[in-house]
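K.L.:
Show me the folded form of this:
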Amino acid sequence: MPKESSLPPVFAKYAQSVQYVQQETKTTWTSSCPQCGDSGHSGNTWPDRCTWFMDDKPLGWCRRCGQVFWPDADHLPSREDVEEWRLRRIAEEEARKRSAELALTHLRDSAMWERYYAQLDSIARDYWARRGIPEAFQDYWRLGWDQEHEFFLRGQAWRGAAAVIPFWSREWQLQQIKYRLIDQPDYMPKYLPELHGQPNPLYLCNPDEPLTGHVYLIEGEIKSMVTFARMDSPTAIVCGMPGATPGPHIIEALGQAERITLVMDPDARAQGIALARALGLKRTWLLIPPYKIDDGIVADGLDSHEVKRLLYSAIYAPKYIGGSK
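P.N.:
Presented below is the predicted three-dimensional model:
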């Protein structure tokens with residue numbers, strides 16, 4: 001993992017309340033939040049929700065809970081200071097959104113996924129097949145490979161092979177590219193996105209179908225792919241979510257689903273219950289198998305009937321939670 005930095009001395013009173021401190025620019029640092037910690041953080045990268053600004057008016061701000069941290073807690077800022085800070089943050093957020101939109105447009109125009117898809121040689125296809133994804137689905141999702149990809153993360157660099165996952169919207173528009181690093185060192189996470197600083201989208205296994213009716217929501221993109229491929233149900237609506245604690249945009253995207261079968265990893269029971277509550281208990285069925293669902297499907301060679309039987313064993317969320325007390 002990268003080496004942790006220290007907050008500037010002016011924020012020393014918060015030093016014991018935060019973790020994962022990293023200097024991002026000459027005047028900004030990021031970390032967990034003194035108030036909400038890293039609760040709800042997903043993915044393998046360090047939490048960076050709280051930004052510490054060392055400009056003409058030093059302060060910290062958490063984009064998750066919205067709390068502001070002033071260097072001197074005993075000296076309340078003036079109304080003018082607060083308004084000036086608010087307007088500045090709004091301008092910065094608008095600039096960030098414009099930058100994100102330009103980055104996504106560039107990603108789509110670059111046809112990057114096509115280059116990675118073209119590298120699906122026998123080695124790459126064998127990797128995906130061993131993960132439980134047949135060749136027909138490798139082509140359907142335009143999965144890819146890069147034998148010599150260079151990664152940079154918080155001052156650390158590494159070059160190596162990576163399996164490539166394009167994320168498609170319902171209109172088959174590219175939303176994101178995620179890399180699954182192969183044999184990565186300890187200081188690099190298993191997964192890294194192409195576009196940083198943007199919410200992780202749902203992985204839609206069947207982009208032709210709307211997110212209505214019965215939706216299967218599975219922790220992890222590859223797990224959702226393996227499940228959908230083995231179900232052998234072309235109209236099934238299966239989605240992969242980024243980790244066990246997805247952001248509010250994921251909940252919002254599922255607003256029209258009538259029923260949700262939520263499939264979590266074995267160690268994510270508490271997160272599964274919390275997510276079921278956020279999704280709405282009355283429309284959620286919860287399944288927490290004793291193994292990661294893709295590992296179980298591959299290891300036991302489950303066929304479509306067995307996978308469907310497993311999914312149908314999900315328990316109605318109110319009953320699951322009531323029986324867990």
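K.L.:
could you say which helix or strand contains V298?
P.N.:
In this assignment (DSSP states H and E), V298 forms part of helix 293-300.
K.L.:
My error: substitute R159 in the last question.
P.N.:
strand 156-168.
K.L.:
CA atoms only for that strand, dumped as PDB, please.
P.N.:
What follows is strand 156-168, C-alpha atoms only, in PDB (Å, rounded to 0.1, in the frame of the first residue of the first chain):
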ATOM      1  CA  GLN A 156       3.300   4.200  -7.100                       C
ATOM      2  CA  ALA A 157       3.700   2.600 -10.600                       C
ATOM      3  CA  TRP A 158       3.500  -0.900 -11.900                       C
ATOM      4  CA  ARG A 159       3.400  -2.500 -15.300                       C
ATOM      5  CA  GLY A 160       1.700  -5.800 -16.000                       C
ATOM      6  CA  ALA A 161      -1.100  -7.800 -17.500                       C
ATOM      7  CA  ALA A 162      -4.800  -6.800 -16.800                       C
ATOM      8  CA  ALA A 163      -8.100  -8.200 -17.800                       C
ATOM      9  CA  VAL A 164     -10.400  -5.400 -19.000                       C
ATOM     10  CA  ILE A 165     -14.100  -4.900 -18.300                       C
ATOM     11  CA  PRO A 166     -16.000  -2.200 -20.300                       C
ATOM     12  CA  PHE A 167     -19.200  -0.900 -18.600                       C
ATOM     13  CA  TRP A 168     -22.100  -0.400 -21.000                       C
END
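K.L.:
What separation do you get for the closest residue in space to G144 that isn't next to it in sequence and R130?
P.N.:
Nearest non-adjacent residue to G144, counting by Cβ to Cβ, 6 or more residues apart in numbering: Y116, 2.8 Å away. C-betas here are computed from N, CA, C, even on glycine. From Y116 across to R130, the span is 19 Å (Cβ to Cβ, to the nearest Å).
K.L.:
Looking at the two, which one has more neighbours?
P.N.:
For the pair Y116 and R130, the greater number of neighbours falls to Y116 (23 against 9), based on other Cβ atoms under 10 Å.
K.L.:
Which of the three states applies to the more buried one?
P.N.:
Three-state assignment for Y116 (DSSP: H, G, I helix; E, B strand; the rest coil): helix.
K.L.:
Run through the residues that contact it.
P.N.:
G144, W145, D146, V164, P166, I177 (Cβ atoms under 8 Å, 6 or more residues apart in numbering).
K.L.:
what sits against the second one?
P.N.:
Pointing back at W145 there. So W145 contacts Y116, Q119, L120, D121, I123, A124, Y127, A161, A162, A163, V164 (Cβ under 8 Å, 6+ apart).
K.L.:
Is it located within a strand, as I assumed?
P.N.:
Yes. With three-state DSSP as the criterion, W145 is part of a strand.
K.L.:
Distance check, it against R108.
P.N.:
20 Å.
K.L.:
count of residues packed around the residue lying closest to G296 once chain neighbours are set aside?
P.N.:
In space, and not counting its chain neighbours, G296 is closest to P289: 6.2 Å by Cβ to Cβ, 6+ apart. P289 has 16 neighbouring residues, counting by other Cβ under 10 Å.
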